[in-house]
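S.K.: Fold the following for me, if possible:
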Amino acid sequence: MPLVDLIYFRLRETIWWVLLMATKRFRNNAWAYVIRRKNLLPKPVHLTFSDEAEGDAYVARLEQLLDHGVVPAEFQ
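M.R.: Numbering: from 1, shown residues only. Purely as a prediction, here's the structure:
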């Protein structure tokens, strides 16, 4: 595979991965997460956690389910 094709493939793969990740930011002394999955979720999911580690763990589990096509009932 030529170097240009390899670079393009890696860049495309990286951009796709970034699009699947949740958005996380610190607002009003809490961690706010927004999860968007156009073909799975009817609307973006907004979650707020006071503890960053707890929020990261929950969102990671939720994203694993969504990666496998499973949408929890509370988000349908």
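
S.K.: Going by C-alpha atoms from here, please, whenever you check contacts or count neighbours.
M.R.: OK.

S.K.: Do a quick rundown of the helices in this structure.
M.R.: 3-20, 52-67 (DSSP state H).

S.K.: Where among those is average confidence lowest?
M.R.: Lowest mean pLDDT within those: helix 3-20, a mean of 55.

S.K.: give the contact list for the closest residue to Leu65 other than its chain neighbours.
M.R.: With CA to CA, 6 or more residues apart in numbering as the criterion, Leu65 has its nearest non-adjacent residue at 6.8 Å, and that residue is Val71. Applying CA atoms under 8 Å, 6 or more residues apart in numbering to Val71 gives the contacts 40-41, 65.

S.K.: Out of those residues, which comes closest to Gly55?
M.R.: Nearest to Gly55, judged by CA to CA, of the contacts of Val71 is Leu65 at 15.5 Å.

S.K.: What number of neighbouring residues does the closest one come out with?
M.R.: 13 (other CA atoms under 10 Å).

S.K.: quick one: it and Ala30, what's the gap?
M.R.: To Ala30, Leu65 is 24 Å away according to CA to CA, to the nearest Å.

S.K.: Same question for Glu52.
M.R.: Counting by CA to CA, the gap from Glu52 to Ala30 is 8 Å.

S.K.: my guess is Glu52 contacts Trp31, does it?
M.R.: Yes. At 6.1 Å, Glu52 counts as touching Trp31 under the criterion of CA atoms under 8 Å.

S.K.: With neighbour numbers in mind, choose between those two.
M.R.: Between Glu52 and Trp31, counted using other CA under 10 Å, the more crowded position is Trp31 (19 against 16).

S.K.: Contact partners for the nearest residue to the more buried one once chain neighbours are set aside?
M.R.: Nearest residue to Trp31, sequence neighbours excluded (CA to CA, 6+ apart): Phe49, at 5.1 Å. For Phe49, the contact set (CA under 8 Å, 6+ apart) comprises 30-32, 55.
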